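Asks: Just to be clear, the model below is a prediction. Sequence and coordinates:
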Amino acid sequence: MLHRFAGLICVFMLVALAVAPALAQMPGPVNETRDMPEGTIAVATEGATSITESSATLNGYLESVGPYSTVSVWFEISNGQSTSRQVMSSPGVFSAHVAGLSMGTAYQFRAMAATNLMGGQKAEGAFVDFTTRHAVPQAPIAVSTSSASDVTSNSAMLRGYVSGMGPYNSINVSFQWGTSTRYGSDTEQQVIYGPGPFSIQVSGLSPNTSYYFRAAARPEVVGVSTVYGNAGSFNTSGAAVIAVSTGAEMGVTNTSATLAGYLESLGSYRNASAWFEWGPTAAYGQTTSLQTMYSPGTFNYTLQGLNPGATYHFRALAVPTAAGGMTVHGFDSVFTTTYSPGLKVNTGVASSVAAQSATFNGFLTSMGSSNAVNAWFEYGADTTFGNSTPQQTMGTPGNFSYNVGRLQPGLTYYYRAAAFSNGQNIYGQYSTFQTTSASPVSISTNPAGNISATAATLNAYVNSLGSVRSVQVMFNFGQTPQYGNVTSPTTVTYPGTVSFQITGLTPGADYYYQAVAQTPDNLQVYGAGNVFSTVSNSGLSVATSPASAIASSSAILSGFLQDTGNSISVQAWFEYGATADMGNSTEMQTLNDASTYYSSVITGLAPARTYYYRAVALNPTGGGRSVNGSISSFVTGGSGPTPPPAPGVPTFVWMIMGGFAMVILILIILLASRR
């Protein structure tokens, strides 16, 4: 009997040994394994997309599932909300759409991953910010395109009409224009504060050409689209060439000279206005009265009250009287008056002209041998003057002025600067101005905008048209308070903002400017003088260097500051991201020297992914504009999760086999004891 049981035991042991490897291959509960394989789960938070006023899509990246076959992923949001869990079996991108968010509100979220097997693991990504959008309604603005007017060979007046302002107190209006309905060009913008017509002149057009245009309007509100009027068209006329040349001065004395000019051609225009610019420098600063010319020929003007022994510059100018005509000018010419005493004075342009007052301006050029000079102004309704301002004592050459009151509205006045020293009176040339009427035109000079190194936009506001239907608005400008330059005129038919861009300016220079409104009867009204400074040229330069210390989730970005331009210190940083659009920035660093390397450590990167970056620097004295190095890239290390180790013989199999062996042993002992 014992031999039989021994045989059974042998058979059982052989069966157990044969079955053990097969049992080892059978799946069992992971949380029953005592020895956990190496490896952990990892997750990263990526930026939100599809952001609206009340919803967004949250994005994450499962970097590793560790030793697990599946992992649960989800998102936690700063408002206490969590998304539903998703089950993933391999690394990759996952997303969740969230709704019911508050409009225009900042949120934070992070990606999460976890498993409950083998004791459980949990991973958290970094918090990432996003802000829901503001809901901005489509602008209920109504604008239409009117017919163009004042069309010449190279210019036209574009017109539009705003019939509805919607809920806005002010809107920007402009025109799109071009040689097809694709347009391609935009005029400057005007600000209007109520329904009504508006117009903007375009110039530099080609003769005998068809042009298309349409009105545009939009409020100064982010997210509101531009509203367009219907398409309009016009044809320019044939080429109209006007030409003028500067002649020689005649009859030069110690205090006077006659200037000569020649109108060479009227082109296709019927008549033109001709005049002279003149002054002590090539910036001129003074203009003569306009003369209307109906045919080519000579025109003259005699200057009076010049300083003896002084050098003067002058040139002839002409402009068609038709709206939109371009001003042309002759070459600069020079003459010198005879005999030069030491004392010299010049008459400036009157300013702050109102209905009953004006400010006279003069300049004491030289004091001769005197230590003190008395200066004043003479004025009246004709060149006999008849009135004098109080005398001012001056110890050095320079500007002087006097505000005169109790003038008659709508009257032309003549005035000149005067000076006295060592028993001798010296007079400047006479100038004229016209006081405004009882219902005056009024214009204000506004601050300049869009200032760069070589350009700026001059701004003015027409406060009132008085009793006239339209005015021509222009700007005097230059690098001295005497200006010396004037912009092309813009026709204004209603109060509002007027702008004009000037180019070809000197970087880092001060420019003086003044708005001028001219009525159809050539009355000029001036705004106050103003000044702006162009942006200095900046030689700021930065280069992108190769990245270093590249790991699976971090890297060191490097850059090289080549030149600080004209700034004592420079702010430098890096832009980077998973696409060439970047999307992320490092902290700014302040650098004080050129030829300096700088770097920043970035973390939270995804493994085995390509990242783009570039160096950036900002020079505060260079107009607030940043400069960029070239775009470079690198690839993070790693290749995804580590596969789990090959399974061995589970412990529970050996426990079962041991239990069977114990039972057999006990049976053998019992049988042996019975014998």
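Replies: Thanks, I have the structure now. Computed from a predicted structure; not experimentally measured.
Asks: so where is the stretch 551-675 of the chain shaky, pLDDT-wise?
Replies: 566, 620-625, 639-655, 658, 673-675 (pLDDT under 70).
Asks: rerun that using 90 as the cut-off
Replies: Across the stretch 551-675 of the chain, residues meeting the criterion (pLDDT under 90) sit at 561-571, 580-583, 588, 591-596, 617-629, 638-675.
Asks: Okay, strands next: where are they in it?
Replies: Assigned by DSSP state E, counting those that start in this stretch, the stretch 551-675 of the chain shows strands spanning 555-564, 570-577, 584-585, 589-591, 596-602, 610-618, 626-628, 632-635.
Asks: so who does the most centrally placed residue in the chain touch?
Replies: The residue lying closest to the centre of the chain (C-alpha atoms, centre = their mean) is Asn450, at 7.6 Å. Shown in contact with Asn450 (C-beta atoms under 8 Å, 6 or more residues apart in numbering): Ala456, Thr457, Gln501. C-beta coordinates here come from the backbone N, C-alpha and C atoms, glycine included.
Asks: closest to Ile41 among those?
Replies: Nearest to Ile41 among these: Thr457, at 58.4 Å, using C-beta to C-beta.
Asks: Could you report the neighbour count for the closest one?
Replies: For Thr457, the neighbour count with other C-beta atoms under 10 Å is 17.
Asks: and if you look at Gly229?
Replies: 22.
Asks: One more: Ser69?
Replies: For Ser69, using other C-beta under 10 Å, the count is 12.
Asks: Please apply the same query to the one 10 residues further on.
Replies: Asn79 has 13 neighbouring residues, counting by other C-beta under 10 Å.
Asks: Asn371 too?
Replies: Count around Asn371 with other C-beta under 10 Å applied: 8.
Asks: got the domain boundaries for this protein?
Replies: Here the domain assignment for the chain is 2-28+650-674, 41-131, 142-235, 243-336, 343-434, 441-533, 540-635, based on automatic domain parsing.
Asks: quick one on the thing from earlier: tell me how far the residue nearest to the centre of the chain lies from Thr302.
Replies: 42 Å (C-beta to C-beta, to the nearest Å).
Asks: follow-up on the earlier one: could I get the strands of the stretch 551-675 of the chain in JSON lines, plus columns for mean neighbour count and distance to Met88?
Replies: Formatted as JSON lines, those follow (neighbours: other C-beta atoms under 10 Å; distance: least, C-beta to C-beta, whole Å):
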{"stretch": "strand 555-564", "mean neighbour count": "21", "distance to Met88": "26"}
{"stretch": "strand 570-577", "mean neighbour count": "21", "distance to Met88": "24"}
{"stretch": "strand 584-585", "mean neighbour count": "14", "distance to Met88": "25"}
{"stretch": "strand 589-591", "mean neighbour count": "15", "distance to Met88": "39"}
{"stretch": "strand 596-602", "mean neighbour count": "16", "distance to Met88": "26"}
{"stretch": "strand 610-618", "mean neighbour count": "21", "distance to Met88": "22"}
{"stretch": "strand 626-628", "mean neighbour count": "16", "distance to Met88": "38"}
{"stretch": "strand 632-635", "mean neighbour count": "16", "distance to Met88": "23"}
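Asks: I'd like the ones you listed laid out as JSON lines, including distance to Thr288.
Replies: Below are these laid out as JSON lines (distance: least, C-beta to C-beta, whole Å):
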{"stretch": "strand 555-564", "distance to Thr288": "50"}
{"stretch": "strand 570-577", "distance to Thr288": "52"}
{"stretch": "strand 584-585", "distance to Thr288": "59"}
{"stretch": "strand 589-591", "distance to Thr288": "57"}
{"stretch": "strand 596-602", "distance to Thr288": "59"}
{"stretch": "strand 610-618", "distance to Thr288": "50"}
{"stretch": "strand 626-628", "distance to Thr288": "49"}
{"stretch": "strand 632-635", "distance to Thr288": "63"}
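Asks: Arg218 touches Ser225, doesn't it?
Replies: Yes: Arg218 is within contact range of Ser225, at 7.0 Å (criterion: C-beta atoms under 8 Å).
Asks: Neighbour count: those two, which is higher?
Replies: Arg218 (19 against 10).
Asks: partners of that one in the sheet?
Replies: In this entry, Arg218 is beta-bridged to Asn172, by DSSP bridges.
Asks: Mind listing what's buried along stretch 277-290?
Replies: Glu277, Trp278, Gly279, Pro280, Tyr284, Gly285, Gln286, Thr287, Thr288 (16 or more other C-beta atoms under 10 Å).
Asks: Now tabulate those residues in TSV and tack on secondary structure, pLDDT and distance to Ala310.
Replies: Listed next are the buried residues of stretch 277-290 as TSV, based on DSSP: H, G, I helix; E, B strand; the rest coil; pLDDT from 0 to 100; distance: C-beta to C-beta, whole Å:
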residue	secondary structure	pLDDT	distance to Ala310
Glu277	strand	95	16
Trp278	strand	93	11
Gly279	strand	92	11
Pro280	coil	89	7
Tyr284	coil	90	14
Gly285	coil	88	13
Gln286	strand	92	13
Thr287	strand	92	18
Thr288	coil	94	17
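Asks: ok, which pair from these is furthest apart?
Replies: The span of those, defined through C-beta to C-beta, is set by Pro280 and Thr288 at 15.5 Å.
Asks: how far away is Met394 from Tyr402?
Replies: Noted for Met394: a distance of 13 Å to Tyr402, by C-beta to C-beta.
Asks: typo on my end, it should be Arg609
Replies: Arg609 is 75 Å from Tyr402, by C-beta to C-beta.
Asks: who has more neighbours, those two?
Replies: Taking neighbours as other C-beta under 10 Å, Arg609 and Tyr402 compare with Tyr402 leading, 20 against 16.
Asks: Could you look up the SS state of that one?
Replies: strand (DSSP: H, G, I helix; E, B strand; the rest coil).
Asks: Could you give the bridge partners of it?
Replies: Note on Tyr402: beta-bridge partners by DSSP bridges are Phe360.
Asks: what's the first-to-last distance across stretch 268-285?
Replies: In stretch 268-285, first residue to last residue: 31 Å (C-alpha to C-alpha, to the nearest Å).
Asks: Stretch 133-140 now?
Replies: Terminal-residue distance, stretch 133-140 (C-alpha to C-alpha): 20 Å.
Asks: Over to stretch 460-478?
Replies: End-to-end distance for stretch 460-478: 16 Å, by C-alpha to C-alpha.
Asks: Give the buried residues for it.
Replies: For stretch 460-478, burial by neighbour count (16+ other C-beta under 10 Å) applies to 460-462, 464-466, 468, 471-478.
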